[in-house]
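> missing the sequence, but the structure's below:
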Ligand SMILES: *[C@@H]1O[C@H](CO)[C@@H](O)[C@H](O)[C@H]1NC(C)=O
Ligand SMILES: *[C@@H]1O[C@H](CO)[C@@H](O)[C@H](O)[C@H]1NC(C)=O
């Protein structure tokens, strides 16, 4: 599983690092030219020869969640940053690489701000999947933005060779789709055309590689199990 995880990431992530702590990094060019503000920075700037070494230093620093790297200057930061307009960011002259550092348990895949686990040895009903994911301190795969959909479309083809239908953590209750994690109304949908069919189908799955659109389905069917842990 560990080795496979590393292979999957080659095309997605620059600076793959499959060390024991399973730390992986994603470069975000939108944040080039910035670094975290002084209050967000942990300790002093560290000099490292490579971005990989910079992220390794972050991995062994308590509370470090991202790094900014410029030439050999490695800045360790407490937060992850999503937008260049983030108030906690400061402009930094020259070219800077920003990397999110996600720490997942061994066997879990790190993507964006989440860790994902595909249990390849089983398919389950939605309710069993929900229980199984909670028992791992996680929730059912929840695709809540086009960005995460892109992630899933890179991730899921690798895990489900024949049948790519995996549960999504939403449920139809009282004619409204809500998150099965917190009961909130679902704001992002990616239904395939003709979906949802609404024939007493109160759960949802990814339908396959066609842009990873969704379909509704009966919660009692047996589908692939992907758990997600937000970091
Ligand atoms: C996958 O699910 C099966 C059935 O619940 C369980 O026995 C097995 O331990 C699970 N594997 C992982 C890696 O959690
Ligand atoms: C279902 O939704 C309707 C209309 O939005 C609302 O009036 C009703 O109280 C809801 N029922 C339950 C059980 O939540």
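Perfect, I can see it now. Quick caveat, the model's predicted, so the values are computed rather than measured. Ligands and ions are numbered 1, 2, ... in the order given.

> what residues does stretch 63-76 touch?
Outside stretch 63-76, the residues that touch it by CB atoms under 8 Å, 6 or more residues apart in numbering are 31, 34-36, 41-43, 45-49, 51, 53-55, 57-58, 61, 77-81, 92, 94-101. (Glycine included, C-beta is placed from N, CA and C.)

> Buried subset of these, written for ChimeraX?
The buried subset of the contacts of stretch 63-76, as determined by 16 or more other CB atoms under 10 Å, is captured in ChimeraX by this line:
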select :31,34,35,36,41,42,46,48,51,53,54,55,57,58,61,77,78,80,81,92,96,97,98,99,100,101
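
> Now intersect the contacts of stretch 63-76 with the helices, please.
Using DSSP state H, the members of these that fall in helices are 51, 53, 54, 55, 57, 58.

> Show me the beta-bridge partners of the residue lying closest to residue 92 once chain neighbours are set aside.
Leaving aside its chain neighbours, residue 92 sits nearest to residue 35 (4.3 Å; criterion: CB to CB, 6 or more residues apart in numbering). Beta bridges link residue 35 to residue 90 when assigned by DSSP bridges.

> which residues does residue 35 contact?
So residue 35 contacts 41, 68, 70, 75, 77, 89, 90, 92, 96 (CB under 8 Å, 6+ apart).

> hmm, 6 Å instead?
With contact taken as CB atoms under 6 Å, 6 or more residues apart in numbering, residue 35 is in contact with 68, 75, 90, 92.

> who in the chain is up against ligand 1?
By CB under 6 Å from any ligand atom, the residues of the chain that approach ligand 1 are 119, 121, 122, 132.

> The second one should be in a strand, yeah?
It stands for residue 121. Yes - when classified by DSSP: H, G, I helix; E, B strand; the rest coil, residue 121 is found to be part of a strand.

> Run a quick neighbour tally on it.
Burial measure for residue 121: 6 neighbouring residues, criterion other CB atoms under 10 Å.

> what does the one 10 residues further on give?
By the other CB under 10 Å criterion, the neighbourhood of residue 131 contains 11 residues.

> pLDDT score for it?
Residue 131 is assigned a pLDDT of 97 by the prediction.

> So which bits of the strand or helix carrying it are buried?
Using DSSP states H and E, residue 131 sits within helix 126-135. Within helix 126-135, the residues that count as buried by 16+ other CB under 10 Å are 126, 128, 129, 130, 132, 133.

> That one packs against which elements?
Helix 126-135 is packed against strand 139-140, with contacts defined by 3 or more CB pairs under 6 Å, 6 or more residues apart in numbering; DSSP states H and E.
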